[in-house]
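> quick check, what structure comes out for this input:
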Amino acid sequence: MSKPADPQVRLKGNIYARPDYFTTDVTRGATRTPGGTRICALTSDFLLGFRDALVYECGGAFKGVMKSCGRRWGKTFVARFEKELLALYQTPVKDLPAGVVHACLADAFAYHGWGRLTLDLSGAADGVLVAEIGDSVMPALVRESDRPVDHLMAGLLAAVFGHFAGAPLECVQTDCPTRGGAASRFVIAAPERVAQVEAWLDAAPADAPLTHDAVLRKLTHPVAPPASANGTHAAV
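Here you go, the predicted structure:
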């Protein structure tokens, strides 16, 4: 998706807006996409119960379990997404303009009920991608928490953009409506950089959490270690 936009490739509208995108066979109890992929619709009660059960069974490790579930979900979703775009544009996703792919991805999120996705590529030169999801599902269910709760979505985003990048990527949520944020915001980057962000977030006190903007400043404008008396940098 890094190639210059091909003037011959134009956005062909919202492919998910067609009235027959989801078709349901009531005799078989199955809902499928035009490509034949079977779709599972989950209720809010199921999602909240699933999370609560993981918290009960796994304790603090539930976040990693939910993120792993999201990653697996993301791998199956992005494979289907690529097939659908290939059928529509007759061009592999990697050769489509980034704007077309991002618009189609946002349409997919909205149509599936996952929220309103926007992407910020301004940090791409620093190896950082920011995703924002308005009206994301889990924060609407959990409502209040002193920590971000969108672990499923973090796993999905890591899988999707890692697939597009052709390299392992990780994702961490840095803002959440449960803590008063306007939307769920995520930082997507190389695993070692995301691990660094997670350490910063964990070290911050619950009553003074590190903000999303502060995380980005630390990632893209790292502070040099102080110089020692002889002019060399002190070890940190």
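> all contacts plus neighbour counts: C-alpha atoms, from now on.
OK.
> tell me which element the residue most central in space within the chain falls in.
Centroid check for the chain by C-alpha atoms, centre = their mean gives L157 as the closest residue, at 2.7 Å. Assigned by DSSP states H and E, L157 belongs to helix 151-165.
> and the helix or strand following that helix, what does it pack onto?
Sequence-wise, the next helix or strand downstream of helix 151-165 (DSSP H and E) is strand 170-175. Applying 3 or more C-alpha pairs under 8 Å, 6 or more residues apart in numbering; DSSP states H and E, one finds that strand 170-175 contacts helix 151-165, strand 184-189, helix 191-203, helix 212-220.
> tell me the helices and strands packed up against the first one.
To tie it back to what came earlier, the one meant is helix 151-165. For helix 151-165, the packing partners by 3+ C-alpha pairs under 8 Å, 6+ apart come out as helix 62-89, strand 170-175, strand 184-189.
> for G49, which three-state class applies?
helix (DSSP: H, G, I helix; E, B strand; the rest coil).
> what number of residues lie near it?
Residues lying near G49 (other C-alpha atoms under 10 Å) number 12.
> ok, it to A61 distance?
Taking C-alpha to C-alpha, to the nearest Å as the measure, G49 falls 16 Å from A61.
> go on, V130?
In terms of C-alpha to C-alpha, V130 sits 25 Å off from A61.
> higher neighbour count, these two?
In this view V130 and A61 are compared by other C-alpha under 10 Å, and V130 has more residues nearby, 22 against 11.
> how about the more buried one, secondary structure?
Using three-state DSSP, the secondary structure recorded for V130 is strand.
> spit out the contact partners of it.
119-121, 123, 185-188 (C-alpha atoms under 8 Å, 6 or more residues apart in numbering).
> try it again at 6 Å.
119-120, 186-187 (C-alpha atoms under 6 Å, 6 or more residues apart in numbering).
> show the buried residues in those residues.
186-187 (16 or more other C-alpha atoms under 10 Å).
> could you dump the contacts of V130 to TSV with distance to K83 and pLDDT?
Output for the contacts of V130, formatted as TSV (distance: C-alpha to C-alpha, whole Å; pLDDT from 0 to 100):
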residue	distance to K83	pLDDT
L119	22	97
D120	25	96
F186	26	98
V187	26	98
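> of the contacts of V130, closest to T24?
T24 has its nearest neighbour among these in L119, at 32.1 Å by C-alpha to C-alpha.
> and that closest one, helix, strand or coil?
Following three-state DSSP, we place L119 in the strand state.
> isn't it right up against L129?
No: counting by C-alpha atoms under 6 Å, L119 stays clear of L129, with 7.4 Å between them.
> give the rounded mean pLDDT of stretch 143-153.
Regarding stretch 143-153, the rounded mean pLDDT is 87.
> again with stretch 109-116
pLDDT averaged over stretch 109-116 gives 95.
> how far does it sit from its chain's centre?
12 Å (C-alpha atoms, centre = their mean, to the nearest Å).
> and the contacts of that stretch?
Counting by C-alpha under 6 Å, 6+ apart, 133-136 sit against stretch 109-116.
> let's have the residues you listed in TSV, adding pLDDT.
Shown next, in TSV, are the contacts of stretch 109-116 (pLDDT from 0 to 100):
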residue	pLDDT
I133	98
G134	97
D135	95
S136	96
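> list buried residues within the residues you listed.
Buried by 16+ other C-alpha under 10 Å: 133-136, out of the contacts of stretch 109-116.
> could you single out the nearest of the residues you listed to S68?
Closest approach to S68 among the buried ones among the contacts of stretch 109-116 (C-alpha to C-alpha): S136, at 18.2 Å.
> show me what contacts the closest one?
114-115.
> I'd like to know how far it sits from G59.
From S136 to G59 the distance is 23 Å (C-alpha to C-alpha).
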